[in-house]
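Undergrad: sharing a model prediction with you, sequence too.
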Amino acid sequence: MTIKGSCHCGATTFSVERAPQSVTRCTCSICSKKGALWAYYTPVEVRFETPSTTAVYRWQSKTVEHNFCPHCGCTTYTKSPSWEDFKPNFEKPRIALNARLFEDFDLDAVPVEVIDGRNLW
């Protein structure tokens with residue numbers, strides 16, 4: 001099952017071959033303001049179908065790369081290390097796609113996990 005996604009204007013398009021088992025709503029200040037629901041994948045699982053046109057924002061620790069479309073402003077994905085015992089593991093990177101950008105996908109059918117990012121970071 002291929003799931004495709006894109007920003008509003010279509011400048012950033014991507015696909016994955018499996019549906020997420022859950023999506024994550026983070027309560028940190030940046031994620032809560034973006035309103036994204038994150039679906040996590042390894043870098044090899046994500047296929048970007050357009051040339052990289054995203055703009056990047058890095059906040060505080062600079063360990064998470066927040067990508068967004070410079071044309072329409074949609075939050076598209078993040079690149080980050082995996083986290084183990086509240087420490088970044090840079091040997092296991094991951095990509096979090098904004099699942100709200102998935103096309104023809106029922107987000108209501110997937111459980112939402114909440115991470116208390118407001119108090120964890």
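TA: Cool, the structure landed.
Undergrad: what comes into contact with the longest helix along the chain?
TA: Ranked by residue count under DSSP state H, the longest helix found in the chain is helix 29-34. By C-beta atoms under 8 Å, 6 or more residues apart in numbering, the surrounding residues in contact with helix 29-34 are 25-26, 38, 59, 66, 75, 98, 117-118. For the C-beta atoms, the positions are set from N, CA and C on the backbone; glycine is no exception.
Undergrad: could you do stretch 79-99 as well?
TA: Contacts of stretch 79-99 with the rest of the structure, by C-beta under 8 Å, 6+ apart, involve 5, 14, 16, 20, 23-24, 34, 36-43, 45-46, 63-65, 67, 74-78, 105, 107, 110, 120.
Undergrad: one more time with 7 Å
TA: Residues from elsewhere that reach stretch 79-99 (C-beta atoms under 7 Å, 6 or more residues apart in numbering): 5, 14, 20, 23, 36-43, 46, 63-65, 75-78, 107.
Undergrad: show me where this protein has its strands.
TA: 3-6, 13-16, 23-26, 38-41, 46-48, 55-58, 65-68, 75-84, 87-98, 112-115 (DSSP state E).
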